[in-house]
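Asker: Mind looking at a prediction? Sequence and model below.
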Protein chains: 2
Amino acid sequence: MDKCSWCDLSEENKMFQVYDGEFWSVFLSDEQDYIGRCILVLKRHCHSMSELTGDEWEELHGLVCKVEACLKAVLGAALCNWSCLMNNFYKEASPDPHLHIHVRPRHDKPVILNGNTYTDSEFGHHYALHKSGQIPAEDRKEVFSRLKKWLNR
Amino acid sequence: MDKCSWCDLSEENKMFQVYDGEFWSVFLSDEQDYIGRCILVLKRHCHSMSELTGDEWEELHGLVCKVEACLKAVLGAALCNWSCLMNNFYKEASPDPHLHIHVRPRHDKPVILNGNTYTDSEFGHHYALHKSGQIPAEDRKEVFSRLKKWLNR
């Protein structure tokens, strides 16, 4: 099995870290199917929510509040969809998951980045599973800058 | 807008309560697309994860551990998919969501209930969005009994 990609972060991932907590990091996802989509990653290799310590759980509470407030303030999100799935790890014969949590901001109004307009066409419904998450690099950088600035005020 | 269906529980919902905590209730979902699927519902009307109190967040931690352990012990689940979405409420002109969290156990082995075999055909992938969740009433009751018994030992 390959080395865990959340323990051994790629340069690409490191570049898009928007917040560095004591136990958790927040990264802007490379998938921007929902503008502002982020991943909360535990800084130690841990398999599931059940294995979180009390301190890790407490920091997560603060982070959920902070990230939700940020996505509303900075991108005008109406709500956030939170999920902790980890299905991909279970394609392996010996699954060794690394706990991470997805947050997809959902937008009732279009988000405009560098003059490009992004619409959440599924607003009010479950997020789409196979929507393209590729956006121009300058738009991703714009989201990154706004989130990083707000989260580290 | 209609009265909140989680504040004013239907008899059907009440019948399928598997656990009654101080701040949270757990119900077996009427959707059994993934056998053992449950919903954790906060006992007060609260809009989002950000608005949870410290005590509610702490009880949630214990419940996540308890429900995950239960679904593994009683149904042989390999992992659980957790999600907090609440998109449906945002179909309304004035959304007034009631916080609830979905848990879908994911099964690498078939689950057998009263001689009926249930297979998680998407194991290792995102849960399916439009899979039928209807199972025979006696199979749903069997899951309900097993979960309720384990969670209230």
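Answerer: Perfect, thanks for sending it. Numbering: from 1, shown residues only, chains lettered A, B, ... in the order given.

Asker: where exactly do the helices run in chain A?
Answerer: A:11-15, A:54-75, A:137-151 (DSSP state H).

Asker: which one of these lies closest to A:Phe123?
Answerer: helix A:54-75 (13.4 Å; CB to CB). Quick note: C-beta positions are derived from backbone N, CA and C, even for glycine.

Asker: before we move on, the earlier item: format the helices of chain A as CSV; extra columns: mean neighbour count, mean pLDDT and distance to B:Val67.
Answerer: What follows is the helices of chain A, written out as CSV (neighbours: other CB atoms under 10 Å in any protein chain shown; pLDDT from 0 to 100; distance: least, CB to CB, whole Å):
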stretch, mean neighbour count, mean pLDDT, distance to B:Val67
helix A:11-15, 11, 89, 31
helix A:54-75, 18, 98, 15
helix A:137-151, 17, 98, 31
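
Asker: give the contact list for the nearest residue to A:Ile101 once chain neighbours are set aside.
Answerer: Distances taken as CB to CB, 6 or more residues apart in numbering or on different chains put A:Leu40 closest to A:Ile101, at 4.3 Å, once the chain neighbours are dropped. Listed by CB atoms under 8 Å, 6 or more residues apart in numbering or on different chains, the contact partners of A:Leu40 are A:24-26, A:60, A:63, A:67, A:100-101, A:103.

Asker: which one of those residues is nearest A:Cys4?
Answerer: A:His100 (10.7 Å).

Asker: Next one: that closest one from chain B, what distance?
Answerer: Distance of A:His100 to chain B, given as CB to the nearest CB, to the nearest Å: 12 Å.

Asker: if I pick that residue, what's in contact with it?
Answerer: Per CB under 8 Å, 6+ apart, neighbours of A:His100: A:6, A:39-42, A:84, A:86.

Asker: Please repeat the previous calculation with a cut-off of 10 Å.
Answerer: By CB atoms under 10 Å, 6 or more residues apart in numbering or on different chains, the residues touching A:His100 are A:6, A:24-25, A:27, A:39-42, A:46, A:84-86.

Asker: Adding distance to chain B, write the helices of chain A out as TSV.
Answerer: Listed next are those as TSV, based on distance: least, CB to the nearest CB, whole Å:
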stretch	distance to chain B
helix A:11-15	21
helix A:54-75	4
helix A:137-151	14
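
Asker: Tell me what the residue positioned nearest the centre of chain A is bridged to.
Answerer: By CA atoms, centre = their mean, chain A has its centre lying nearest to A:Cys38, at 1.6 Å. For A:Cys38, the beta-bridge assignment (DSSP bridges) gives partners A:Leu28, A:Val103.

Asker: before we move on, the earlier item: quick check: the farthest pair among the contacts of A:His100?
Answerer: A:Ser25 and A:Leu85 (18.2 Å).
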